[in-house]
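Colleague: Below is the sequence, then the predicted model.
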Amino acid sequence: MGSASTAAISNVFVYGSLLADDVVRVLLSRIPPSSLAILPDYHRFSIKNCVYPAIVPVENKKVLGKVLVGITPPELRILDLFEGDEYERRTVDVFLKDSGEKLQTHTYVWGNKTDPNLYGEWIFEEWKVLHMDYFVTMTKEFMEEMKLHDSKTRVATYE
């Protein structure tokens, strides 16, 4: 395995619906190894009329989430599409909860920092009870559409 291929493997800090193994399994067909981690100077907001959260930079706040380790380029592409245009993928430093070790990861930051629809705080345990089942179903539909779209694009390439 050359250094080029290892460089393409990345870590992704997740803090919302992707904290749920059920959602990750639908998207990536596996559960990558993960570690609890803290992202400093960000806050996790609820979004009006949405079941998923947003993070934006806020001084002296922190977001508890986890780092998915060993994400491949095709998996990162799935996550990019899943997160959609409202989020920007950024490189951030997080701290592993157990060791305090600093780690560079990707994460998805809400593009509109001053969005009036951001409020309060987003609680994973609450989401799990109220919205997870519905969200897993939505995620399965997303993957089916994506596979459909991909196969159409591939067919178009050969015509």
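Modeller: Everything's here; your move.

Colleague: so what does the top strand by length along the chain touch, helix or strand wise?
Modeller: When the chain is parsed with DSSP state E, its longest strand is strand 54-71. Strand 54-71 is packed against strand 10-14, strand 34-47, strand 87-96, strand 102-110, with contacts defined by 3 or more CB pairs under 8 Å, 6 or more residues apart in numbering; DSSP states H and E. Every C-beta, even on glycine, is put in place using the N, C-alpha and C of the backbone.

Colleague: Just checking, which helix or strand succeeds the first one along the chain?
Modeller: Of the helices and strands lying after strand 10-14 in sequence (DSSP states H and E), the nearest is helix 21-28.

Colleague: okay, now Tyr15: neighbour count?
Modeller: A count of nearby residues for Tyr15, using other CB atoms under 10 Å, gives 22.

Colleague: what's the answer for Asp98, then?
Modeller: Asp98: 9 neighbours (other CB under 10 Å).

Colleague: Can you tell me how far it is from Ile71?
Modeller: 20 Å (CB to CB, to the nearest Å).

Colleague: hang on, the earlier thing: for the very next helix or strand once past the longest strand of the chain, buried residues please.
Modeller: Counting by DSSP H and E, the element after strand 54-71 in chain order, helix or strand, is helix 73-83. Applying a neighbour-count criterion of 16 or more other CB atoms under 10 Å, one finds Glu75, Leu76, Ile78, Leu79, Phe82, Glu83 buried in helix 73-83.

Colleague: got a list of contacts for helix 73-83?
Modeller: Under the contact criterion CB atoms under 8 Å, 6 or more residues apart in numbering, helix 73-83 has outside partners 8, 10, 12, 18, 27-28, 32, 71, 89, 106, 108, 139, 142, 146.

Colleague: Quick one: those residues as JSON lines, columns for neighbour count, distance to Pro116 and pLDDT too.
Modeller: Below are these laid out as JSON lines (neighbours: other CB atoms under 10 Å; distance: CB to CB, whole Å; pLDDT from 0 to 100):
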{"residue": "Ala8", "neighbour count": "12", "distance to Pro116": "38", "pLDDT": "83"}
{"residue": "Ser10", "neighbour count": "19", "distance to Pro116": "33", "pLDDT": "96"}
{"residue": "Val12", "neighbour count": "22", "distance to Pro116": "28", "pLDDT": "98"}
{"residue": "Leu18", "neighbour count": "23", "distance to Pro116": "25", "pLDDT": "97"}
{"residue": "Leu27", "neighbour count": "19", "distance to Pro116": "30", "pLDDT": "97"}
{"residue": "Leu28", "neighbour count": "20", "distance to Pro116": "33", "pLDDT": "97"}
{"residue": "Pro32", "neighbour count": "16", "distance to Pro116": "35", "pLDDT": "97"}
{"residue": "Ile71", "neighbour count": "20", "distance to Pro116": "33", "pLDDT": "97"}
{"residue": "Arg89", "neighbour count": "14", "distance to Pro116": "24", "pLDDT": "97"}
{"residue": "His106", "neighbour count": "19", "distance to Pro116": "27", "pLDDT": "98"}
{"residue": "Tyr108", "neighbour count": "23", "distance to Pro116": "20", "pLDDT": "98"}
{"residue": "Thr139", "neighbour count": "20", "distance to Pro116": "27", "pLDDT": "97"}
{"residue": "Phe142", "neighbour count": "16", "distance to Pro116": "27", "pLDDT": "95"}
{"residue": "Met146", "neighbour count": "15", "distance to Pro116": "31", "pLDDT": "90"}
